[in-house]
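**Q** A structural model of the following input is requested.
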Amino acid sequence: MKNESVTFIMAGRRQRNRRWILVTSFLAVLSCILCFAMLLLGNTIYPVKDIIRALSGEQIQGVSFAVNTIRLPRMLAGIFAGFAFGLAGDIFQTMLRNPLANPNVLGITTGSSAAAVFCIVILQSSGTVISFASVIAGLATVILIYILSRGKSFSIGRLILIGIAVQAMLNAVISYLLLVSAEQNIPAALRWLSGSLNGSQMHELPPLIISVFIFAPIVVVLGKHLSILELGEQSATSLGVSTDKTRMMLILSSVCMISLATSTTGPIAFVSFLSGPIAKRLVGVGFSNLFPAGLVGVNLVLAADLIGQFAFVVRYPVGIITGIIGAPYLIYLLIRMNRKGEL
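**A** Okay, here's the model as predicted:
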C-alpha cells in the first residue's frame, strides 16, 4: 500500500514536471516567433536573408539602419522589460498572497514614473540619470508604503489600500510636473507615460539588461522559498526559512528590475498584473511559475506592440493595448474577490 502511494505521488510529480517543461518551451518558442516578427515587420518587409546579414554586421543600404537601429533595440526593450514586469509582478502577488498586490496597483511603478518624469521635464536628463532616479524612487516608494502600512500586525489588505493611496498621490505629482513643465517637453513625457517601445535606443538598454541578468537568477533561486512564504509567516519560519531576509532579497531584486524597466519603456500597463495569473493557469500547481511568468510578460509586451503597430489604421503604444487587455480582467477579479468576501 505504501509503495503504491509513493508510486502515485511520483507519477503525479512527473506529470506536473512534463507540463511545466511543455508550457515553458511553448512560451519560449512563441517569444522567438514574436521576436522574428518584430525584426521582419515594419514600413518595409525585408527578405529574411538580408535581416540575418544585417544582424551579423554586414552593411546593407536601408536594411542595416532599419534592423540594427530601430527594430533590434525595440525588440530587446520588449524582451527584457516584459520579463522584468512579469517576474516582479508574480513575486509580489505570490509573496503577499493577493492577485491585487502587484507593482502597478501598489504604486511602485508610479513612483519610478514620477522620478523619470521629473528628470525628463524638469532636469531634461536622459539615460543613466533616469535609470538611477527610477530605482531610488521605486525603493523609496516601497519603504514608504511599508512604513505607512505597519500597525499592530502586518495586513496585506492595509498594504494594498495604502499602496493605492500612494499611487494616487504620485499620479497627482506627475500631473503637476506636466503642468509646470516647458511645453516642448510634454509630448515626450506623455509618450513615455503611456508605456511605449518607440524610440528605444541600444545605448539606453544596458542598465535594464544587466539588472535582469543579475537579479532574475537570484529571484529564481529564491523561488523555492517563495512558495513556502505562501503558507504564512509562522509556517515558513518553522520550516527553516529566514522570512525577513528572503522577503527583503525578493523585494529589492523585483524593485530594481521593474524600476529600470519603467525607466526604459515607461509603465506598460497590466503586464505585471496579468503575467502571474496566466502563467499559473498554464503551468498548474506543484512547480514555481516565476520563469513562465517572465516569459508570459515577454509575449504580452511583444504581441501587444505588434498589434499596436499593425492591427489598426493609427499606431498605438504598447501600453494602450495592454491596458485594453488588462482592464476587463481587473474588473472581473474585483467582482470575484468581492463575492468571496476578500475585499
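**Q** Sticking with the residue nearest to the spatial centre of the chain, tell me its helix or strand.
**A** Nearest to the geometric centre of the chain sits Phe85, at 0.6 Å (C-alpha atoms, centre = their mean). In the assignment (DSSP states H and E), Phe85 maps to helix 72-95.
**Q** contacts for the very next helix or strand once past that helix?
**A** Once the chain leaves helix 72-95, the next helix or strand it forms, by DSSP H and E, is helix 103-106. Here helix 103-106 makes contact (C-beta atoms under 8 Å, 6 or more residues apart in numbering) with 85, 88-89, 92, 109-110, 145, 159-160, 163-164, 166-167, 254-255, 258, 267, 269-270, 272-273. C-beta here means a position set from N, CA and C on the backbone, and glycine is covered the same way.
**Q** Filter these down to the ones in strands?
**A** When the contacts of helix 103-106 are checked against strands (DSSP state E), there are no matches.
**Q** From these, list just the buried residues.
**A** For those, a neighbour count by 16 or more other C-beta atoms under 10 Å gives the buried set as 85, 88-89, 92, 109-110, 145, 159-160, 163, 166-167, 254-255, 258, 267, 269-270, 272-273.
**Q** before we move on, back to that, ok now do the residue nearest to the centre of the chain, which residues does it touch?
**A** Neighbours of Phe85 in contact, by C-beta under 8 Å, 6+ apart: 103, 258, 261, 268, 271-272, 275, 297, 301.
**Q** if we go to 7 Å?
**A** By C-beta atoms under 7 Å, 6 or more residues apart in numbering, the contact set of Phe85 is 258, 261, 268, 271-272, 275, 297.
**Q** Next, work out how far apart the nearest residue to Met202 once chain neighbours are set aside and Val63 are.
**A** Distances taken as C-beta to C-beta, 6 or more residues apart in numbering place Pro73 nearest to Met202, at 4.7 Å, with adjacent residues excluded. To Val63, Pro73 is 15 Å away according to C-beta to C-beta, to the nearest Å.
**Q** Report the helix or strand with the lowest average pLDDT across this protein.
**A** helix 233-238 (a mean of 62; mean pLDDT, DSSP states H and E).
**Q** Residues contacting the helix or strand Tyr329 falls within from elsewhere in the structure, which ones?
**A** Using DSSP H and E, Tyr329 maps to helix 318-339. Here helix 318-339 makes contact (C-beta under 7 Å, 6+ apart) with 99, 194-197, 266, 268-271, 273-274, 300-301, 304-305, 307-308, 343.
**Q** Okay, buried residues for stretch 305-321 please.
**A** In stretch 305-321, counting by 16+ other C-beta under 10 Å, buried: 305-309, 316-321.
**Q** ok, so of those, who is nearest Ser149?
**A** Gly319 (27.7 Å; C-beta to C-beta).
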